[in-house]
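J.: Pasted the sequence and its predicted model underneath.
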Amino acid sequence: MQLEAEIASHATRLRKHIPRDTVLVSIIEANYGGWVQASRIAHLLENHGPALHITCDKTRENKRPGIYTTWEIKERMRHELQRLLREDRICLFSEVASTRVGDVAELAKQLKRCEYVYKANTTSATVERKRTITGKMNGQNDDMAIALMLLSYWSAHFINVDGRCATRLR
């Protein structure tokens, strides 16, 4: 029930700033809850007006909503965000659709903490070190930084492929 309340609250705050018939384009990370959780979130969003959902599902005609943040995708996200920042193409408003005060300052802190780390690849038969991008040092959160990277990469990808990476549930 908490997820439903969070999605409803966020969608309601967003809709205060844009017309109700504006199509929202969601980017739902599916790493932890898989396609099932991503589909649930997509359905909840569609209760608040028209929506499209970015997908990386290439297995079916009726594509499932959600994307996976693989190492390759994280690299693309990092590269796109760096390009946009270098070109001064990102503008953050002091008022964001959030319930917490100071989220823009928190985003800046999280971005500064992001770095490459090496992890042992536990799925491999041999011991390998895998490089990844994270800001989760000493128990700290990097959700806002990852969200900005997701937005930077997937919005550009959506435009470049003329919306073909999106699916509509209804």
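T.: Sure thing, it's come through.

J.: residue ranges with poor pLDDT in this structure?
T.: 93-102, 121-129 (pLDDT under 70).

J.: try 80
T.: 1, 58-62, 91-104, 115-139, 170 (pLDDT under 80).

J.: now the helices for it?
T.: 2-15, 34-46, 71-86, 103-113, 143-160 (DSSP state H).

J.: Flag every buried residue along the second one.
T.: The one in question is helix 34-46. Judged by neighbour count (16 or more other C-beta atoms under 10 Å), helix 34-46 contains these buried residues: 35, 37-42, 44-46. (Each C-beta comes from the backbone N, C-alpha and C, glycine too.)

J.: Could you do stretch 53-61 as well?
T.: 53-57.

J.: Select, from the residues you listed, the two members most distant in space.
T.: Of all pairs drawn from the buried residues of stretch 53-61, the widest gap by C-beta to C-beta lies between 53 and 56 and measures 10.9 Å.

J.: anything in contact with each of these two?
T.: Counting by C-beta atoms under 8 Å, 6 or more residues apart in numbering, the common neighbours of residue 53 and residue 56 are residue 66.

J.: Spatially nearest residue to residue 133, not counting backbone neighbours?
T.: residue 74 (5.0 Å; C-beta to C-beta, 6 or more residues apart in numbering).

J.: The one you found against residue 135, yeah?
T.: No. Counting by C-beta atoms under 8 Å, residue 74 stays clear of residue 135, with 11.7 Å between them.
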